[in-house]
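>>> With the input below, show me the fold.
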Amino acid sequence: MNAFTPFEPIEWSTVPPDGKFLSLWRGLIEAPDNRTMASLALHVANRHELTVTHLKGPCRNARYVLARQECMWELCQTGKWSTTQIGRFLGDRDHSTVIWGRDRHQARLDAARAEGAA
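Residues are numbered from 1 along each chain as shown. The predicted model follows:
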């Protein structure tokens, strides 16, 4: 193993907001999206002061449902996973439940934007 490193490797944890880097050799490059379902779910759960277990659980309490729907929306936005895979991850739910949750969260976002613009 060679101990000589001609340059410092890029740490992907310090990705610029637009996710793009300028490389002298390859031009404009994008940082890889290494996020996993678990890491995105944990991020949403922390935002709502819940655990991932709450998101995956069967509870229909509004607090859990809204967080779960936000998680469904967030996971769908990446485009990396199908609704079936997302449903399986979130407590073995049907793909149509994921579509419904995603659409409900998007409707809430649209309503909030329209309210803010009015």
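
>>> In stretch 83-99, which residues are buried?
Neighbour-count burial for stretch 83-99 flags T83, I86, G87, R88, F89, L90, R93, T97, V98 (criterion: 16 or more other Cβ atoms under 10 Å). All C-beta atoms are positioned from the backbone trio N, CA, C, and that covers glycine.

>>> ugh, wrong one, stretch 27-47
Judged by neighbour count using 16+ other Cβ under 10 Å, the buried positions of stretch 27-47 are M37, L40, A41, L42, V44, A45.

>>> Show me where this structure has its helices.
All helices of the chain, identified by DSSP state H, fall at 37-47, 52-56, 62-78, 83-89, 95-117.

>>> And those: which comes nearest I29?
Nearest to I29 among the helices of the chain is helix 62-78 (19.0 Å), distances taken as Cβ to Cβ.

>>> Just send the helices of the chain back as TSV, with mean pLDDT too.
Formatted as TSV, the entries for the helices of the chain read as follows, by pLDDT from 0 to 100:
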stretch	mean pLDDT
helix 37-47	95
helix 52-56	97
helix 62-78	96
helix 83-89	97
helix 95-117	95
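
>>> possible to save these as JSON lines with distance to G27?
Below are the helices of the chain laid out as JSON lines (distance: least, Cβ to Cβ, whole Å):
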{"stretch": "helix 37-47", "distance to G27": "29"}
{"stretch": "helix 52-56", "distance to G27": "39"}
{"stretch": "helix 62-78", "distance to G27": "25"}
{"stretch": "helix 83-89", "distance to G27": "33"}
{"stretch": "helix 95-117", "distance to G27": "34"}
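
>>> Would you tell me which of those helices gets closest to E30?
Of all the helices of the chain, it is helix 62-78 that lies closest to E30, at 13.8 Å by Cβ to Cβ.
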